[in-house]
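Enquirer: Whatever this is, show me its structure:
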Amino acid sequence: MSAETLVVTLKMQQTKMEALQLELSHSQLMKNERAQTFIYDLKDYLDSLAVVTDFVPKQETDGIMVDKLSFTLGEQQGTLHQLIQALKKIEEDGEHFFGVSEGEIRRMYGSLQGILELNSLLLQENPAFQQVIKNAGGIQVDASPEVEKTSFLQRLFKKKQ
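Expert: Numbers count the residues shown, from 1 in each chain. Alright, predicted model coming up:
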């Protein structure tokens, strides 16, 4: 598979996982410290993928189910390994990769190594996160309406400006 194809695949997976992460961040799970940490780590991981996925335009897609998170992270791990190898080959052969310079390819290569570590950490933490979801009875999205906040003076004088 070409490096460009790998980046497109990674972008599609990233977009699906971003939809899930957004749903999780608006759920009751954010009240659980362990789940909250995992959700924020997932957000950081997905943001870090932008090192290579920003070369590809965003495509609208549905999110993944939370029980498919481990599978998707595993797929991404394989994709990241292949992309690292492809970038190494591109650097050695002096080939073209989205019009970036040789130095930028080396920096991407280094960044992808760190992203791969983040992926491994998320895979390790996923079983504990899945257990939190199971104990909570699934994902319940906060449906509470936004309450207009009033200032101290408005509450003091009980009138709105």
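
Enquirer: so where's the longest helix in the chain?
Expert: helix 102-136 (DSSP state H).

Enquirer: Buried ones in it, by neighbour count?
Expert: 105, 108-109, 112, 115-116, 118-119, 122, 126, 129, 132-133 (16 or more other C-beta atoms under 10 Å). The way it works is simple: take the backbone N, C-alpha and C, and place the C-beta from them, glycine included.

Enquirer: what packs against it?
Expert: helix 33-48, helix 50-53, helix 69-93 (3 or more C-beta pairs under 8 Å, 6 or more residues apart in numbering; DSSP states H and E).

Enquirer: measure the most centrally placed residue in the chain to Gly114 for me?
Expert: Nearest to the geometric centre of the chain sits Leu46, at 2.5 Å (C-alpha atoms, centre = their mean). Remark: distance between Leu46 and Gly114 (C-beta to C-beta, to the nearest Å) = 14 Å.

Enquirer: now swap in Met17 and tell me
Expert: From Met17 to Gly114 the distance is 18 Å (C-beta to C-beta).

Enquirer: Low-confidence stretches in the chain?
Expert: By pLDDT under 70, the low-scoring segments of the chain are 138-156, 159-161.

Enquirer: Tell me which residues touch Phe129, please.
Expert: Shown in contact with Phe129 (C-beta atoms under 8 Å, 6 or more residues apart in numbering): Arg34, Ala35, Phe38, Leu69.

Enquirer: should've said Leu80
Expert: Leu10, Leu112, Ile115, Leu116, Asn119.
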